[in-house]
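Participant: What shape does this take:
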Amino acid sequence: MFAWLESLIEHLVVRTPVRDRQCLAASAARGDAPSAFHLGEIYRRGDGVPAHWAAAARWYLQAAEAGHVTAQCRLAQLHLAGLSGAAAQIAVPILAPPPEPEAPDFAAAHVWANRAAQAGDAGAHAMLGYIFAAGPESLRDPAASYESYRQAAAGGQAEGQLGYAMALLQKGEMAPARAQLHRAAKADLPAAHYLLGLDAQGVFGLVADLPAARRHYTVAAEAGLAPAQCRLGLMLLEGKGGRADAVNGETWLRRAALGGDNEAACVLGTLYAQAGPLPPNHAEAAHWWRLAAERGHPEAARALGYVYLSGNRYARDPEAAASWFARAAAAGDAAAMFGLGIMLAGGYEVAPDHAAALHWLSQAALRGHERATAMLV
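Facilitator: Alright, predicted model coming up:
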């Protein structure tokens, strides 16, 4: 019912932002919800004023409490982004910096997403699906998440289609999940392209279509999705789904690793440690293994342990080697358990500890490590 007024206000926002803010503020003070909403939009986007999400939230709150559905959705989004429910109600001076994002306020987000969903907003249903899937235990409800995503997808909402597809994948319903992923991919959602890439690569049991996988990974990788960058890099290195391209393959792996993908960092370490599409470079190998190991990747920690044990890159440092083996072993890496057990059993320039050596060799054997098993027979 407010569409004509919102259109007029949007026109004024673009043409005369200072005068418009004054007019909008006056209208909002009289209780006009669309005016309050558009003031929220101005402060969220920074139209003629510094962007300030707390100031935006206060205007959205006024509009949301008056029943403005899009304002209710905006508030839910801000709460999921880390604005607390209390912060939205505090009068913050506009010249003061906005508060730093905190952990998502799922409870506050749920309140407003639920109200907007009851009004039929598909995006609000998608947010509810996420809240019921990823929120705290008090809000977790897989059945409600599934239904919320289903309703969002039925409303044509791309994030809802993606969420519904993931829920269907968990149920093993591949055909409808695939259909939802293709719909979400038409909206250029990187995660949808990534999942379609996995599907085309045969991860979900479909006969592999490697050129299609490479195309989907490319879309997701160019949008900045690190796992897609990693998989695309590997496909380029190995020549899967098209011609091999070692330089671009390494570049995508590097981008993925710097973007936080531990697997990509570990792969780069292995790539530079051995002869292959790129010349060996022990310094590069150690650099990428260390990056992955410090983030908790057990295979990289074990590899770094062998680097210190052999002295290929750093000065030989058995104590550092044992430390990295211990980190990998604690994370469940059987080969690291074996290496640590051998070091502790024989000394290897570290203090021998036969009880600890027996423990780690036994753990490695329990995980099927053949050499550990043979030693304990």
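Participant: I'd say Ala331 and Arg295 touch.
Facilitator: No. Counting by CB atoms under 8 Å, Ala331 sits too far from Arg295 to count as a contact (11.5 Å). All C-beta atoms are positioned from the backbone trio N, CA, C, and that covers glycine.
Participant: quick one: low-confidence ranges for this structure?
Facilitator: Filtered on pLDDT under 70, the chain yields the residue ranges 1-19, 89-99, 312-314, 347.
Participant: can I see the domain layout of it?
Facilitator: 1-116, 300-377 (automatic domain parsing).
Participant: how about the ones you listed, which one is nearest Ala275?
Facilitator: domain 300-377 (14.1 Å; CB to CB).
Participant: Show residues contacting whichever helix or strand Ala265 is part of.
Facilitator: Element membership for Ala265, per DSSP states H and E: helix 262-273. Contact partners of helix 262-273, identified using CB atoms under 8 Å, 6 or more residues apart in numbering, comprise 226-227, 229-230, 233-234, 237, 250, 253-254, 256-257, 277-278, 280-282, 284-289, 291-292, 295-297, 299-300, 303.
Participant: among those residues, which are in helices?
Facilitator: 226-227, 229-230, 233-234, 237, 250, 253-254, 256-257, 282, 284-289, 291-292, 299-300, 303 (DSSP state H).
Participant: Let's have the domains of the chain in JSON lines, adding mean neighbour count and distance to Val207.
Facilitator: Below are these laid out as JSON lines (neighbours: other CB atoms under 10 Å; distance: least, CB to CB, whole Å):
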{"stretch": "domain 1-116", "mean neighbour count": "18", "distance to Val207": "38"}
{"stretch": "domain 300-377", "mean neighbour count": "19", "distance to Val207": "31"}
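Participant: residues in contact with Glu319?
Facilitator: 349-350.
Participant: what's the distance between it and Ala326?
Facilitator: 10 Å (CB to CB, to the nearest Å).
Participant: now Ala275
Facilitator: The value you get for Ala275 to Ala326, if CB to CB is used, is 30 Å.
Participant: Run a quick neighbour tally on Gly296.
Facilitator: 12 (other CB atoms under 10 Å).
Participant: thinking it is in contact with Asp333, fair?
Facilitator: No. Contact criterion CB under 8 Å: Gly296 and Asp333 do not qualify, at 11.4 Å.
Participant: Let's verify Ala351: helix, strand, or coil?
Facilitator: coil (DSSP: H, G, I helix; E, B strand; the rest coil).
Participant: What values do phi and psi take at it?
Facilitator: Dihedral pair for Ala351: phi -60, psi 120, per degrees, to the nearest 10.
Participant: Could you turn the buried ones of the contacts of helix 262-273 into a PyMOL selection?
Facilitator: The command below creates a PyMOL selection of those among the contacts of helix 262-273 that count as buried (16 or more other CB atoms under 10 Å):
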select buried, resi 226+227+229+230+233+234+237+250+253+254+256+257+278+282+284+285+286+287+288+289+291+292+297+299+300+303
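Participant: Could I get the CA-only coordinates of the strand or helix carrying Gly123 as PDB?
Facilitator: For Gly123, the host element (DSSP H and E) is helix 122-134. C-alpha atoms of helix 122-134 as PDB (Å, rounded to 0.1, in the frame of the first residue of the first chain):
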ATOM      1  CA  ALA A 122      10.500 -15.200   1.100                       C
ATOM      2  CA  GLY A 123      13.800 -13.700   2.200                       C
ATOM      3  CA  ALA A 124      12.700 -13.800   5.800                       C
ATOM      4  CA  HIS A 125      11.900 -17.500   5.400                       C
ATOM      5  CA  ALA A 126      15.400 -18.000   4.100                       C
ATOM      6  CA  MET A 127      16.800 -16.300   7.200                       C
ATOM      7  CA  LEU A 128      14.700 -18.400   9.500                       C
ATOM      8  CA  GLY A 129      16.000 -21.500   7.700                       C
ATOM      9  CA  TYR A 130      19.500 -20.400   8.500                       C
ATOM     10  CA  ILE A 131      18.700 -19.400  12.100                       C
ATOM     11  CA  PHE A 132      17.000 -22.800  12.800                       C
ATOM     12  CA  ALA A 133      20.100 -24.600  11.200                       C
ATOM     13  CA  ALA A 134      23.000 -22.600  12.600                       C
END
